[in-house]
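K.L.:
My questions are about this predicted structure, shown below with the sequence.
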Amino acid sequence: MSVSFPSLLGGLVLGVSLAHLPSLLRYFLEGRVSPDTSRSRSRRVIITGGTRGLGFAMAREFLALGDSVTVCGRDESAVTEAAESLGCHAVQCDVSDYRDVDRLFESAEKAMGGPPDLVLNNAALSQSPKMRLVDMAVDGQLRTMVDANMTGALIVARRAIPALASCGGTLFFMDGTGAWGNATPGNSVYGCSKRGITQLAATLRKEVTEQKLAQVGVHMASPGMVNTRLLRGAVDFSKSSTVKVLSNLVAEPAEVASWLVPRLRGVPCSCSGRMRYIRFLTPFGAAYRLLFGAMGMRKPTNLMKNVD
Ligand SMILES: NC(=O)c1ccc[n+]([C@@H]2O[C@H](COP(=O)([O-])OP(=O)(O)OC[C@H]3O[C@@H](n4cnc5c(N)ncnc54)[C@H](OP(=O)(O)O)[C@@H]3O)[C@@H](O)[C@H]2O)c1
């Protein structure tokens, strides 16, 4: 019996699609959230690491929707500047220090008039420049990054869950390269910290369910590729072909924030619902950006322009 090449190819595509159907369905269902831009219910929001980049842009977006916001960062002068330019409460805080995090929550609750409804675990550092693990000093980038990205996320979550449980609310973690198990040479520390974040979110979901904290939701957000100091620090600008591809994939913080914030607001706090994984840049979105960018129908992002 002879089988034509098109039917063989069709069968192969169908077989692969069916095999991946459950994960494809989960991928799309997890991300399905109705955006909420209503001003009828104002939220109290804590964003860690909101003195620049995406956290800053998201703070601006929450504020524009009538929410109360508190941001934090380690650099005192950046904290003062962020408070002034956003017009919100800002606290100097290193998320890897639990005393700082306790102070952040106490100060935020006082300034915003109550416990948070939404906590965005956003503070993180990238591996810049990209470097092999064997070439890294332990008491330098390695430890600082694990402290900020992993220890910090644990400490913030530990403090956030009881605070959110008092009135009901949602805790979001930001993913990043490595979160789905993908490996990039030169990105071991950032990658494993982000992989750890997805594990942490899954575990906390089970813990709040076990504690019957039905009013606390634990979810993931994925901003895609954003033109911030974190991303630019990890780009090798000497490779013009890489920069060209990236400039089509990367979005400005304001664009990502205006898409992400209404969706974070739209996630119900109840943990009895599904885990939400809200992704700005899906594979289809990436293909669209690359295609339209290559055809000159989409303006590329200028990665050389310092947006911070
Ligand atoms: N940019 C991207 O393409 C991209 C892609 C995927 C995921 N993400 C994720 O999105 C989040 C925001 O990243 P970004 O691109 O906006 O980075 P960014 O521009 O470098 O901003 C990071 C923020 O975190 C703060 N921060 C760093 N370490 C801290 C610590 N130990 N304690 C408190 N604050 C700390 C920084 O302030 P100080 O330095 O003053 O402390 C700053 O406000 C991160 O979780 C990142 O992994 C980004």
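P.N.:
Perfect, thanks for sending it.

K.L.:
can you give me the strands in the stretch 51-200 of the chain?
P.N.:
68-73, 89-92, 118-121, 169-174 (DSSP state E, counting those that start in this stretch).

K.L.:
Mind putting these into TSV with distance to the ligand and mean neighbour count?
P.N.:
Heads up, the C-betas are built off the backbone N, CA and C, glycines and all. Putting the strands of the stretch 51-200 of the chain into TSV (distance: least, Cβ to the nearest ligand atom, whole Å; neighbours: other Cβ atoms under 10 Å) gives the following:
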stretch	distance to the ligand	mean neighbour count
strand 68-73	3	27
strand 89-92	9	22
strand 118-121	8	27
strand 169-174	4	24
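
K.L.:
Which among those strands is found nearest to Ser107?
P.N.:
Closest approach to Ser107 among the strands of the stretch 51-200 of the chain is made by strand 89-92 (5.1 Å; Cβ to Cβ).

K.L.:
Now do the closest one: everything it contacts.
P.N.:
50-51, 68-76, 79-80, 82-83, 100, 103-104, 107-108, 111-112 (Cβ atoms under 8 Å, 6 or more residues apart in numbering).

K.L.:
now with 7 Å?
P.N.:
Residues from elsewhere that reach strand 89-92 (Cβ atoms under 7 Å, 6 or more residues apart in numbering): 51, 70-72, 76, 79, 82-83, 103-104, 107-108, 111-112.

K.L.:
Export the strands of the stretch 51-200 of the chain to CSV and append columns for mean pLDDT.
P.N.:
As requested, these are arranged in CSV below (pLDDT from 0 to 100):
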stretch, mean pLDDT
strand 68-73, 98
strand 89-92, 98
strand 118-121, 98
strand 169-174, 97
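
K.L.:
Save the ones you listed as CSV, and put in distance to Pro35 too.
P.N.:
Below are the strands of the stretch 51-200 of the chain laid out as CSV (distance: least, Cβ to Cβ, whole Å):
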stretch, distance to Pro35
strand 68-73, 18
strand 89-92, 25
strand 118-121, 14
strand 169-174, 15
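
K.L.:
on that earlier part again, what two of the contacts of strand 89-92 are the furthest from one another?
P.N.:
Among those, Glu76 and Met112 lie farthest apart (Cβ to Cβ), at 21.0 Å.

K.L.:
Who are the contact partners of the most centrally placed residue in the chain?
P.N.:
In the chain, the centroid-proximal residue (Cα atoms, centre = their mean) is Met174; its distance is 2.4 Å. Going by Cβ under 7 Å, 6+ apart, Met174 touches 121-122, 124, 221, 223.

K.L.:
quick one: low-confidence parts of the chain?
P.N.:
Applying pLDDT under 70 to the chain picks out residues 1-3, 5-6, 8-10, 13, 16-17, 19-31, 271-273, 306-308.

K.L.:
in it, which spans are helices?
P.N.:
5-19, 21-30, 53-64, 76-86, 98-112, 143-146, 152-167, 188-210, 229-233, 240-249, 253-266, 283-294 (DSSP state H).

K.L.:
who does the residue nearest to the centre of the chain bridge with?
P.N.:
With DSSP bridges as the criterion, the beta-bridge partners of Met174 are Ala221.

K.L.:
Run a quick neighbour tally on Thr282.
P.N.:
When counting by other Cβ atoms under 10 Å, one arrives at 14 neighbours for Thr282.

K.L.:
can you start the count at 237 instead of 1 from here on
P.N.:
With the count now opening at 237, the last piece we talked about shows up as Thr518.

K.L.:
Perfect, that will be all.
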